[in-house]
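K.L.:
Curious how this folds, go ahead:
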Amino acid sequence: MSSSIPFERYDEEFLSLTEQVTSKLRPLDPSTSTNASLPPSAESDVKMAHNLLLQADDLLKQMGLEARGVDDASMKRDLLAKVRVCKTRLANLRDDYESAKNHVERSSLGLTEDIELGNSGTRNNNNNRNRTNGSKERLLSNTDSLQQQSDTLANARSIMAETEGVALEITEELGRHRETISSAHGRVRQVTGMTNRARRIVQSMSRREVQQKLILYGVAGTIVLVFLMMMYGMFKA
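P.N.:
This is a model prediction of the structure:
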């Protein structure tokens with residue numbers, strides 16, 4: 001992969017989703033809003049924020065795969081750094097979502113406001129309200145427990161997906177290393193073949209040199225023998 005254009009598109013879409021989540025959660029912030037100031041659409045805003053967070057999480061996984069698939073090492077480092085920043089932002093938004101969700105749930109159950117019914121209220125009515133609030137508290141506690149279990153499963157799935165991506169990246173790296181080693185072995189075999197051919201050429205040249213020396217020695221011996229015979233003939237005459 002030679003371009004980061006698809007990643008940039010994912011990044012822009014992720015930014016748009018997180019901005020939408022922020023706009024949905026801002027009116028539900030328990031530090032700035034009370035039960036009376038919650039908008040009528042508070043529950044639907046919480047659901048919408050949850051759906052947007054799921055979309056952002058899926059998009060973040062695609063961004064991770066896209067970043068790990070880049071061939072250029074420098075660009076790959078930069079893109080993975082962006083992915084880590086986006087993960088941190090998404091984690092912060094999840095925390096804001098949990099706070100807003102708990103705030104809305106408690107508001108809907110009437111657990112955060114003290115309703116004054118007047119000084120004429122009886123002790124039995126107070127006891128009934130206490131039992132009702134206790135039931136609401138237990139219901140909310142059970143809801144929180146279920147939500148925590150759901151979040152734990154979601155985090156486990158996210159970790160599994162990230163682990164799968166890392167394993168895929170390692171597999172790709174091993175494949176590239178295997179190709180590099182195979183190429184090196186091929187070059188070694190090529191050099192070995194050239195060395196063998198050079199050795200055979202040197203041996204052939206050595207044999208020809210020996211042959212040439214033997215021929216030269218033979219010619220020289222013949223010349224010496226002829227010269228001695230001529231000298232012998234001259235002395236004899």
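
K.L.:
now the helices for the protein?
P.N.:
For the chain, helices defined by DSSP state H occupy the ranges 5-25, 42-68, 73-109, 123-236.

K.L.:
And the ones you listed: which comes nearest S31?
P.N.:
Nearest to S31 among the helices of the chain is helix 73-109; the distance by Cβ to Cβ comes to 8.3 Å. In short, each C-beta sits where N, CA and C put it, glycine included.

K.L.:
Dihedrals phi and psi, D29?
P.N.:
When read as degrees, to the nearest 10, the backbone of D29 gives phi -60, psi 120.

K.L.:
and it, what does it touch?
P.N.:
D96, S99, A100, H103 (Cβ atoms under 8 Å, 6 or more residues apart in numbering).

K.L.:
Wait, the third one touches H50, no?
P.N.:
So that's A100. No. A100 is not in contact with H50 according to Cβ atoms under 8 Å; the separation is 10.1 Å.

K.L.:
circling back to that earlier point, which one of the helices of the chain has the lowest average pLDDT?
P.N.:
Confidence, taken as mean pLDDT, is least for helix 123-236 of these (a mean of 76).

K.L.:
quick revisit: TSV for the helices of the chain, including mean neighbour count and distance to T32?
P.N.:
Converted to TSV, the helices of the chain look like this (neighbours: other Cβ atoms under 10 Å; distance: least, Cβ to Cβ, whole Å):
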stretch	mean neighbour count	distance to T32
helix 5-25	17	11
helix 42-68	18	13
helix 73-109	16	10
helix 123-236	11	22
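
K.L.:
will you turn those into JSON lines that also has distance to S31?
P.N.:
Output for the helices of the chain, formatted as JSON lines (distance: least, Cβ to Cβ, whole Å):
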{"stretch": "helix 5-25", "distance to S31": "12"}
{"stretch": "helix 42-68", "distance to S31": "15"}
{"stretch": "helix 73-109", "distance to S31": "8"}
{"stretch": "helix 123-236", "distance to S31": "19"}
